[in-house]
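> This is a predicted model, with the sequence first.
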Amino acid sequence: MKKRVTKAIFPVAGLGTRFLPATKSIPKEIMTLVDRPLIQYAIDEARAAGIKEFIFVTSRGKSALEDYFDTAPELESALRKKGKKDLLETLKHTNMDSGAIAYVRQNKPLGLGHAVWCARRLLGNEPFAVILPDDVIAAETSCLAQMVEAHAETGGNMVAAMEVPADKISSYGVLDVKEDMGSVVSVKGMVEKPPRDEAPSNLAVIGRYILTPQVMNNLNEKKSGAGGEIQLTDAIAREIAESDNVYGFRFRGQRFDCGSKAGFLQATVTFGLARDELRDEFSAYLGELVSLQNAAE
């Protein structure tokens, strides 16, 4: 019987240098899309997929991230006195039960594989998810929930994948497809950031994974890969060679790279327009902006 995925790792130790100077004082994961921080989108996605235990791999300067998921008695008391029930209800979604979140430190920035490895003692012998909060995915059914459902059929290791234009392919890890079964593909290889003319497909890996305990065993060897870092991709690729149990999953939804400024702005517009209370005013403003630009040209 395949084990259900109930634990997720959130690697949040990065410095967020692409968003300086903002990230000088706040973790990148606390930066907000409309009125919710990036990490809230990731947590909500995990909850929707049935995740019960949340493991944050952090570093120095991330205390605001930890505080965000704690209760705020003074704020809640003030809202209660003012009768602001809607805001109190909103705050409930940011509170995590005692013990639901575990925090482990990554003391040196040695790569994504190393960050995942830091959580090894909290996982046990069961499959686990990895969610990169930089990748925000707008979807009717959360991306990870889609993957958990597909993983229940395939087992093994699964990576979220999306088709990307040829001129962008060299920015991603790319799948070498063995068999295309529609939403699920079996994988015979993974190539990290290949030149455009050497890419084995246009299916790129993005920041959602469901992995077997064996991947963690592979990471135990701490072999450095591209950029001198310990790469998660390498540990997964080893499973292709040794167990032939790696799958790509074409998720249904729109992914935004909120690790880049352009992607963050695109996500802000999309999520802003999706809000009933903002849509009309925001849409009218964007329409006026486009008209002014067209007139200027």
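Structure's in. What do you need?

> alpha carbons only for contacts and neighbour counts from here, please
Noted.

> just the strands in the stretch 101-250 of the chain please.
With DSSP state E, counting those that start in this stretch as the criterion, the stretch 101-250 of the chain has strands at 101-105, 128-131, 135-138, 157-163, 173-180, 184-192, 203-211, 246-250.

> List just the one of these that sits closest to I9.
Nearest of these to I9, taken as C-alpha to C-alpha: strand 128-131 at 4.7 Å.

> pull the longest helix from the chain.
Under DSSP state H, the helix in the chain containing the largest number of residues is helix 276-296.

> distance of M181 from A139?
Using C-alpha to C-alpha, to the nearest Å, we find M181 at a distance of 21 Å from A139.

> let me redo that: E45
Per C-alpha to C-alpha, E45 is found 10 Å from A139.

> Mind telling me which residue is nearest the centre of the chain?
The residue lying closest to the centre of the chain (C-alpha atoms, centre = their mean) is L132, at 2.7 Å.

> unless I'm mixing things up, it is touching R208, no?
Yes. Taking C-alpha atoms under 8 Å as the definition, L132 is a contact partner of R208 at 6.6 Å.

> Between those two, which contacts overlap?
Contact with both L132 and R208 is made by no residue, according to C-alpha atoms under 8 Å, 6 or more residues apart in numbering.

> which residues does V246 contact?
Shown in contact with V246 (C-alpha under 8 Å, 6+ apart): G156, N157, M158, V159, S186, V187, K188, I236, E239, I240.

> roughly how far apart are the residue nearest to the centre of the chain and K193?
Distance, L132 to K193, using C-alpha to C-alpha: 18 Å.

> Next: Q40.
Distance of Q40 to K193, computed by C-alpha to C-alpha: 29 Å.

> can you give me the helices in this protein?
38-48, 63-68, 73-81, 85-92, 112-117, 143-154, 213-219, 232-243, 261-273, 276-296.
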